[in-house]
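In: Sequence and computational prediction follow.
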Amino acid sequence: DVKVTQSSRYLVKRTGEKVFLECVQDMDHENMFWYRQDPGLGLRLIYFSYDVKMKEKGDIPEGYSVSREKKERFSLILESASTNQTSMYLCASSPPGDLNYGYTFGSGTRLTVV
Amino acid sequence: GDSVTQMEGPVTLSEEAFLTINCTYTATGYPSLFWYVQYPGEGLQLLLKATKADDKGSNKGFEATYRKETTSFHLEKGSVQVSDSAVYFCALRGRALTFGSGTRLQVQP
């Protein structure tokens, strides 16, 4: 089974801190994604990556950046955390090319910014 | 741009009742369509998919048919169980997956 592992299940950070959320997948997938999930809004795409060192902005990239130095790891960075970034963050991966393939998701990181 | 609209929840049903969760979409062309399920405390799992018009996706007793005339992909199940209680997300595949807002299903014994 494809596994997508997010390093922390729960995280509490202070306003203004730099926050790193880590995601690792073990199936050699080229594509990786970061979403945030908020009640009533569903999942919204923050950033995604189709290859190492490559990144593309999603629908809500403001206040975030990403890093993909290795194929299996995709990090989401909150440059200066704010309370409106309190949310559930979900990482996902998929193989390349096949637009009919669904994504495999991690269990999520619930981030609280105080 | 792409968008997905789902019926608002929560949907509360008794065990063995019939389930329908409505989903409509707006997109260029004919994207692949998906239903994902999120059980309490877990990430999203792929439930079923359909890749072209009139395709029917099915899994675990759930079904959804890709209707391009009505741009819809409604989720149905003939007899729900308590274990089906979860949040259900409809999604379409554009440059990435675009999700609806989710519908919470609560099944009572």
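Out: Received the coordinates, thanks.

In: So which residues on chain B come close to chain A?
Out: With the criterion set to C-beta under 8 Å from any C-beta of the partner chain, chain B comes near chain A through B:4, B:6, B:31-32, B:34, B:36, B:41-46, B:49, B:51, B:89, B:93, B:95-102. For every residue, glycine as well, the C-beta is placed using N, CA and C.

In: Return the members of these classed as buried.
Out: Buried members of these, counted by 16 or more other C-beta atoms under 10 Å in any protein chain shown: B:4, B:6, B:31-32, B:34, B:36, B:43-44, B:46, B:49, B:51, B:89, B:93, B:96-102.

In: Where strands are concerned, which of these count?
Out: B:4, B:6, B:34, B:36, B:44, B:46, B:49, B:89, B:93, B:97-99 (DSSP state E).

In: any chance of these in CSV, with distance to A:Asn31 and pLDDT too?
Out: Formatted as CSV, these follow (distance: C-beta to C-beta, whole Å; pLDDT from 0 to 100):
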residue, distance to A:Asn31, pLDDT
B:Val4, 20, 95
B:Gln6, 24, 95
B:Phe34, 15, 95
B:Tyr36, 16, 96
B:Leu44, 16, 92
B:Leu46, 15, 92
B:Lys49, 16, 94
B:Phe89, 19, 96
B:Arg93, 11, 89
B:Leu97, 10, 91
B:Thr98, 15, 93
B:Phe99, 16, 94
